[in-house]
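S.K.: Here is a sequence with its predicted model. Questions after.
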Amino acid sequence: MPTIAPAAAAAAAPAGESEPPTPGGQPARALLLNASLEPLCVVSAHRAVVLVMAGKATVVESAGVLHSERCVVVMPLVACLTRYVHVPMRRPVPPTRRTVLQGGADTVDHVLPRSRGGRHEWANVVAACVRCNHRKADRLLHEIGWELGFTPRAPRWSVAFGAQAARAEPAWMRYLVA
């Protein structure tokens, strides 16, 4: 099996860092997907390369190429495991302001207003811009002629994969969609 020569790895990383830096100066990381393409975790670029070289993962999207004396290895940006890994049931993500607004909106709105008995749960909470939230106020959608283009539901991602991860690496966004 080809390996990365220590001299090449040392040349790729600045002194004091174990990972090659990204354009923002942060150590490189990769999103690791399960065989079912659901996000599992974020791993270091080193760990992602080791998984790919061991045949335990395949590269879905690459962030470049690593060269050694004897081989060339693709540096994964997104890697997918070749075998499905059972993940224990994760606790549901609560509908906090932070988790609801990860879509980039300004305010949290309740489809059935709380003043009319609506509950603060994922099936009743959506992100909205300030202008739309103000126009809707405490009315129902059909009272003002609006309709939702989707059914609100709890996201599939964990808080660890929220907007911070997507902002750090925009290419991950399509794999982190709720």
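M.R.: All right, it came through fine.

S.K.: C-alpha only now, for contacts and for neighbours.
M.R.: Noted.

S.K.: what mean pLDDT would you report for stretch 138-151?
M.R.: Averaged over stretch 138-151, pLDDT sits at 94.

S.K.: Pull the residues that contact it.
M.R.: 111, 112, 113, 114, 115, 116, 123, 136 (CA atoms under 8 Å, 6 or more residues apart in numbering).

S.K.: Closest to residue 91 out of these?
M.R.: Nearest to residue 91 among these is residue 123, at 16.7 Å by CA to CA.

S.K.: and that closest one, what does it touch?
M.R.: 151, 152, 153, 154.

S.K.: how close does the first one get to residue 122?
M.R.: Relative to residue 122, residue 151 is positioned 10 Å away (CA to CA, to the nearest Å).

S.K.: The residue sitting furthest away from the middle of the chain and residue 136: what is the separation?
M.R.: In terms of distance from the mean C-alpha position of the chain, residue 143 ranks first, at 36.1 Å (CA atoms, centre = their mean). Applying CA to CA, the value for residue 143 to residue 136 is 9 Å.
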